[in-house]
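[1] coords please:
(one chain, ligands or ions: 1)
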Amino acid sequence: MTTNISPLARASVQAIEPYASARRSMSGGAVWLNANENALAPSYQLNGCFNRYPSCQPASLVQAYASYAGVQPEQVLVSRGADEGIELLIRSFCEPVEDRIAICPPTYGMYAISAQSNQVATVTVPLLPDFTLDTDALMQCNAKLVFICSPNNPTGDLIPRQQIIEVLEHFHGEALVVVDEAYIEFAMQASVIDLLATYPHLVILRTLSKAFALAGLRCGFTLAAPEVIQALKQMIAPYPIAEPVAQIATQALSEQGIAAMQQSVATINQLRNDFSQFVAGQPGVTTVWPSNANYVLLQVDDAAACVSALQAEGILIRNQSAQRGLSEVVRVSIGSPEEMQALQQAMQRYFSSCTSADSTPDQSMQVQEENT
Ligand SMILES: *Cc1c(COP(=O)(O)O)cnc(C)c1O
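    As a prediction, this is how the structure comes out:
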């Protein structure tokens with residue numbers, strides 16, 4: 001008996017191209033600088049038995065994040081990564097087939113993928129050449145959720161606060177404006193969290209995956225008016241936060257955990273500034289964009305060749321050339337001091353080989369096309 005199951009899946013599911021995460025699209029390598037993770041990782045302890053179901057919204061964790069962020073516990077939803085926050089916002093606020101979200105690429109890929117998997121259309125309003133919002137175009141569009149990423153992944157720039165306010169003013173009563181602050185700890189002064197007090201349709205996404213060095217934990221937060229949080233709680237699974245996750249996340253948000261995070265942010269920001277300065281002096285690097293996060297976007301002569309040359313040396317970085325408006329661009333996540341040293345040595349070898357007439361870089365490895 002032959003089984004042909006694929007045609008049984010929903011047509012909209014068959015059409016989906018899954019998110020090409022860094023982990024999924026590149027394997028191997030010893031130095032991982034392709035997923036914006038934090039290499040400076042503390043370790044944690046677990047206590048007790050795990051025979052009971054966990055709380056849906058563990059109170060001490062919600063309380064810990066609320067006091068870290070300076071909001072009320074009713075304004076906090078904890079979820080399986082910020083990615084689940086994105087998904088829940090779409091499922092709670094967008095009517096399939098009818099409603100739309102707006103995104104401003106080049107940006108994080110999951111907004112469009114979550115929308116597509118929920119049969120919600122995406123309106124695309126590209127960033128201007130200086131990577132600020134095209135507010136006029138954005139305000140023309142009819143959308144239920146407007147996603148703004150600041151610091152933006154992969155460009156590293158901050159969306160000007162005045163533009164966010166302008167967009168909030170315009171969409172009052174019509175749409176939620178979601179500001180994704182996944183990297184905000186690297187530029188804390190730029191947070192728009194204070195605007196929650198003024199705008200009940202502002203939503204802020206946060207995560208423990210980046211500055212807190214807990215990408216493997218899967219823990220994120222949505223901060224918004226209590227009515228928004230309530231709507232998300234109607235949709236969330238009964239046990240989204242495993243007990244070990246709640247325990248570790250609560251330790252990460254202790255006074256000591258926050259101090260360790262701030263220390264690691266200071267180290268990474270310094271390593272990033274040093275790397276940006278180094279790479280700007282390399283032949284074959286045409287642009288180094290200023291970054292407010294733990295990664296740097298570079299334009300090079302040949303992005304695919306640069307990625308494969310480094311991969312051949314066990315160093316993984318990310319080709320971002322498939323993103324709208326970015327050509328021959330790579331994104332480098334900031335790793336440990338040792339990893340950055342290995343990267344800089346490998347880059348020096350690669351870029352000098354590009355400029356010398358008689359040698360060509362190693363292009364034997366195939367690099368997969370990626371959508372983000
Ligand atoms: C990494 C990232 C996320 C997802 O964070 P998780 O909490 O790991 O799901 C969300 N938004 C942006 C912009 C990111 O780069």
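
[2] quick check, distance from stretch 246-263 to the centre of its chain.
    20 Å (Cα atoms, centre = their mean, to the nearest Å).

[3] Next: stretch 21-37.
    14 Å.

[4] again, but for stretch 177-195
    12 Å.

[5] what's the span of it, first residue to last?
    End-to-end span of stretch 177-195 (Cα to Cα, to the nearest Å): 11 Å.

[6] Number of residues surrounding Gln14?
    The tally of other residues near Gln14 (other Cβ atoms under 10 Å) stands at 10. For every residue, glycine as well, the C-beta is placed using N, CA and C.

[7] Just the C-alpha atoms of stretch 308-324, please, in CSV.
    Provided in CSV are the C-alpha atoms of stretch 308-324 (Å, rounded to 0.1, in the frame of the first residue of the first chain):
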residue,chain,number,x,y,z
SER,A,308,31.8,29.8,2.5
ALA,A,309,35.4,30.9,3.0
LEU,A,310,34.7,31.4,6.7
GLN,A,311,32.6,28.2,6.9
ALA,A,312,35.6,26.3,5.6
GLU,A,313,37.5,27.5,8.6
GLY,A,314,34.7,26.4,11.0
ILE,A,315,33.2,29.9,11.4
LEU,A,316,29.5,30.4,10.6
ILE,A,317,28.1,33.8,9.7
ARG,A,318,24.9,34.6,7.9
ASN,A,319,24.3,35.6,4.3
GLN,A,320,21.5,38.2,4.4
SER,A,321,21.6,39.0,0.6
ALA,A,322,18.2,37.4,0.0
GLN,A,323,16.6,40.2,2.1
ARG,A,324,14.8,43.0,0.3
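
[8] what sits against the residue in the chain that the ligand sits nearest to?
    Closest to the ligand within the chain is Gly81: 2.6 Å, counting by Cβ to the nearest ligand atom. Residues in contact with Gly81 (Cβ atoms under 8 Å, 6 or more residues apart in numbering) are Thr207, Ser209, Arg218, Cys219, Gly220.

[9] try 10 Å
    Gly81 is in contact with 87, 110, 182, 205, 207-209, 214-215, 217-221, 240, counting by Cβ atoms under 10 Å, 6 or more residues apart in numbering.

[10] cool, Val123 as well?
    100-104, 115, 137-138, 140-143, 146.
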